[in-house]
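Undergrad: I would like the atomic coordinates for the input below:
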Amino acid sequence: MYGNESFGRRLRLAHLGRRDGSGLLLVPLDHAVGAGPLRADGDLDTLVARLAEHGADGVVVHKGAARRIRPARFRDLSLVVQLNASTAMAADPDAKYPVATVEEALRLGADAVSVHVNAASRTEAAQIAHLAAVAEECERWSVPLLAMMYVRGPAVRDGRAPELVAHAVAVAAEMGADLVKTALPDDPAATARIVAGAPVPVLAAGGPPEPGADAVLGRMAAAMRAGAAGVAVGRLVFTAADPGAMLRRLAAVVHDRTPAVIR
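TA: Prediction:
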């Protein structure tokens, strides 16, 4: 299923996707750098404990956040460390810059690392160069690489346009990513073509929860039916009044591959 075949990489990927025959359910919790605190109570450890209990396969966090989570939470949960960032306060929020290294992530016990790239942004060149450099480090240390690929920039009208999404996925694979998270098109047939043509597994990004939980869950169910390898949904979960209950609904879509939880 995965393109890179070193033993260490395969071992870490096996831990990440240890539910045989099931989709991968990642919960990104790296939003605090970009948009501010995840939750008013600030209790990341308790949140991660609930996610582990209710079906998450892994969480994506920054290096400082990882240190605030008890190691015991990762007995049945994978740790993915985010290596770049930007804030909504910046002159160009689409510009991502390095904030951690593969070696730092390994010292934290990470199973994988993640890099965010905004293709078509003003700083696309630096971001793709960083992705390529991280891929080389991942090869050196046998660490899986998740590329979060979005099409965002001043000339982009529709970042979910099938030809643009397919191109972004191809860039990630060509640079050496093992997994790609992206905002897939609304058209299931277009999603199926992108997923089928991708040389690496593709995860559906959850996106903003504003349309409502049912709408987001419906998109994730459609992506799974179209062949996505899993989903990476953060804001829908950590902004919910009951993150555990929301995650259970999401896990039913991803792990059981059923739309029955969509009301």
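
Undergrad: Quick check: Arg12 vs Pro71, distance?
TA: Distance, Arg12 to Pro71, using C-beta to C-beta, to the nearest Å: 17 Å. C-beta: built from backbone N, CA, C; applies to glycine.

Undergrad: In terms of neighbours, single out the busier of those two.
TA: Comparing Arg12 with Pro71 by other C-beta atoms under 10 Å, the one with more neighbours is Arg12, at 20 against 10.

Undergrad: On the three-state scheme, that one is what?
TA: Following DSSP: H, G, I helix; E, B strand; the rest coil, we place Arg12 in the helix state.

Undergrad: Spatially, what comes nearest to it if we skip its sequence neighbours?
TA: Asp111 (4.8 Å; C-beta to C-beta, 6 or more residues apart in numbering).

Undergrad: The one you found reaches Val81, doesn't it?
TA: No: Asp111 is beyond contact range of Val81, at 9.0 Å (criterion: C-beta atoms under 8 Å).

Undergrad: Those two - which one has more neighbours?
TA: Between Asp111 and Val81, counting by other C-beta under 10 Å, Val81 is the more crowded of the two (27 against 21).

Undergrad: mind listing what the more buried one touches?
TA: 60-63, 66, 100, 104-105, 108, 110, 112-114 (C-beta atoms under 8 Å, 6 or more residues apart in numbering).

Undergrad: List buried residues within those.
TA: Buried members of these, scored by 16 or more other C-beta atoms under 10 Å, are Val60, Val61, His62, Lys63, Ala66, Ala100, Ala105, Leu108, Ala110, Ala112, Val113, Ser114.

Undergrad: could I get the residues you listed as CSV with pLDDT?
TA: What follows is the buried ones among the contacts of Val81, written out as CSV (pLDDT from 0 to 100):
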residue, pLDDT
Val60, 98
Val61, 98
His62, 98
Lys63, 98
Ala66, 98
Ala100, 98
Ala105, 98
Leu108, 98
Ala110, 98
Ala112, 98
Val113, 98
Ser114, 98
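
Undergrad: Mind checking which of those are in strands?
TA: Val60, Val61, Ala112, Val113, Ser114 (DSSP state E).

Undergrad: Excluding sequence neighbours, find me the nearest residue to the fourth one.
TA: Nearest residue to Val113 in three dimensions, chain neighbours excluded: Ala105, at 4.8 Å (C-beta to C-beta, 6+ apart).

Undergrad: Can you pull up the most central residue in this structure?
TA: Ala232 (4.4 Å; C-alpha atoms, centre = their mean).

Undergrad: re earlier: phi, psi for the residue nearest to Arg12 please.
TA: phi -90, psi -20 (degrees, to the nearest 10).

Undergrad: From Ala222, how far out is it?
TA: According to C-beta to C-beta, Asp111 and Ala222 sit 28 Å apart.

Undergrad: quick one: Gly21 and Met149, what's the gap?
TA: With distances taken as C-beta to C-beta, Gly21 is found 26 Å from Met149.

Undergrad: If you could redo that for Asp256, that was the one I meant.
TA: Using C-beta to C-beta, Asp256 is found at 27 Å from Met149.

Undergrad: I appreciate the help and will end here.
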